[in-house]
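Engineer: Take a look and give me a structure for this.
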Amino acid sequence: MDGDRRVWRQCSLSGAVFAVCMAGTTLPTPLYGLYQEKFGFSELIVTVVYAVYAFGVIGVLLLAGNASDAVGRRPVLLFGLGCAAASAVCFLCATGLGWLYAGRLLSGLSAGLFTGAATVYVMELAPDGGASRATFVATAANMGGLGCGPLLAGVLAQYAAWPLYLPFAVHLALVACSAVVLLRLAETVRERRPLRTVRPQRPGLPPQVRSVFGPAAIASFVGFALFGVFTSVSPAFLAQSLDVHNHAVSGLVVALAFFASTAGQLVVGRVGVARSLPLGCAGLLAGLALLAGALYWEQLVLVVLSALVGGTGQGLAFRGALAGVAAASPADRRAAVISTLFVVAYAGISVPVIGVGVLSGPMGLEGAGLVFIACMAVLVSTAAVYLLRRPAGRTQR
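Structural biologist: Presented below is the predicted three-dimensional model:
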């Protein structure tokens, strides 16, 4: 019993390190309005700065998504923390738009290194028979960390001094503490290979994973697409259309979506992995509908409801997708396969964001948001129908 408790402590500590890294990736979200005032750039530039992060994630996942399978989990995660620290330094030194691009790119590199490696690391540190609980720890650390970032930055920006500096100074201190914790955790890769053996990987899957990966990838794409649209639109929408200029409120609204995702993940154990995917898509569709209503009628309560409902649906779908893919993957390819899943997910979080920025000029923020919500709704509906029909199809074959 004491042994299991010690093992779960290590698993939880690795999850805490994961959360700290991911918090840094969303830390600037409620601050973009302040950066717009300081540097004088448009809403399109806001969405491009936001999306640079996703391109950094995808690049790392493709070039080094399998690095931790070779050199070990801890070296990759320590390098990821280094990128997170460098990102915070860029924001602390920001005197122009170039610093923001650099900071977001470094933040994307840190997230790209963490998403696959840290997810697998948390699972591998769990005791035998604890796979389901460890999957929740990993996904909750991911989404919970993403939610803590805007909440922390919003509160500090609203109620403390130096709103564009203090959030990143605090995160830099948390990253330093995380590095100390990580150095005290065990390495889980027994047979390590030199770094030179790591090769850029094309998106590809072992044969035994492909049937599971299809619906998992669809669910992940639409869930992250909703988050991408929501996090890019809601802070500016709150300020411009609802006259909500409180940075803490703006950060809280965004954080609610990620916290609801964590709550949604808790439900997967009860409803089952197979049912969580179509149920998650239904939640995403409802969240999109509420967000469309919020944009059309300019109602804060609908923004909050869209965060809660859509976030819960994303959590259901994402944990079910991750659990199914991890269970089907061979041990020596697990991090690489999970990284491929995240490539699909981060494609969803980047393309819609830039699209909103491009259309916000000629159509306005509300019009651009409604167009992309409609596109995502079609995709969510298609995914849900596919997920509901596919089990029957397989049975017939």
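
Engineer: Ranking helices and strands of this structure by mean pLDDT, which lands last?
Structural biologist: Across the helices and strands of the chain, the lowest-confidence element by mean pLDDT, DSSP states H and E is helix 334-396, at a mean of 79.

Engineer: Which strands and helices lie in contact with that one?
Structural biologist: Judged by 3 or more CB pairs under 8 Å, 6 or more residues apart in numbering; DSSP states H and E, the packing partners of helix 334-396 are helix 43-64, helix 67-71, helix 97-125, helix 210-240, helix 273-297, helix 300-328. Using the backbone N, CA and C atoms, a C-beta is placed for each residue, glycine as well.

Engineer: if you set the cut-off to 6 Å instead, what comes out?
Structural biologist: Applying 3 or more CB pairs under 6 Å, 6 or more residues apart in numbering; DSSP states H and E, one finds that helix 334-396 makes contact with helix 43-64, helix 97-125, helix 210-240, helix 273-297.

Engineer: Any chance you could list what contacts the next helix or strand after the third one?
Structural biologist: If I follow you right, that is helix 210-240. Past helix 210-240, further along toward the C-terminus, the next helix or strand under DSSP states H and E is helix 247-271. In this structure, residues lying in contact with helix 247-271 by CB atoms under 6 Å, 6 or more residues apart in numbering are 29-30, 136, 139-140, 143-144, 146-147, 150-151, 153-155, 157-158, 230-231, 234-235, 238, 276, 307-308, 311-312, 314-316, 319-320.

Engineer: Which pLDDT does the model give residue 226?
Structural biologist: Turning to residue 226, the model gives it a pLDDT of 83.

Engineer: How about the contacts made by it?
Structural biologist: Counting by CB under 6 Å, 6+ apart, residue 226 makes contact with 284, 310.

Engineer: For it, give its distance to residue 345.
Structural biologist: When CB to CB, to the nearest Å is the yardstick, residue 226 and residue 345 sit 11 Å from each other.

Engineer: what do you get for residue 56?
Structural biologist: For residue 56, the distance to residue 345 under the criterion CB to CB works out to 14 Å.

Engineer: Between these two, point out the one with more neighbours.
Structural biologist: residue 345 (29 against 24; other CB atoms under 10 Å).

Engineer: I'd assumed residue 220 was in contact with that one.
Structural biologist: Yes: counting by CB atoms under 6 Å, residue 345 does reach residue 220; the two are 4.1 Å apart.

Engineer: hmm, back to that, between the least confident helix or strand of the chain and helix 273-297, how big is the angle?
Structural biologist: 100 degrees (axes from the mean of the first three to the mean of the last three CA atoms, to 10 degrees).

Engineer: Now render the helices and strands packed on helix 334-396 as TSV, adding distance to residue 372.
Structural biologist: Compiled in TSV, the helices and strands packed on helix 334-396 are given as follows (distance: least, CB to CB, whole Å):
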stretch	distance to residue 372
helix 43-64	11
helix 97-125	21
helix 210-240	6
helix 273-297	10
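
Engineer: For the ones you listed, which has the smallest mean pLDDT value?
Structural biologist: Of all the helices and strands packed on helix 334-396, helix 210-240 carries the lowest average pLDDT, namely a mean of 82.
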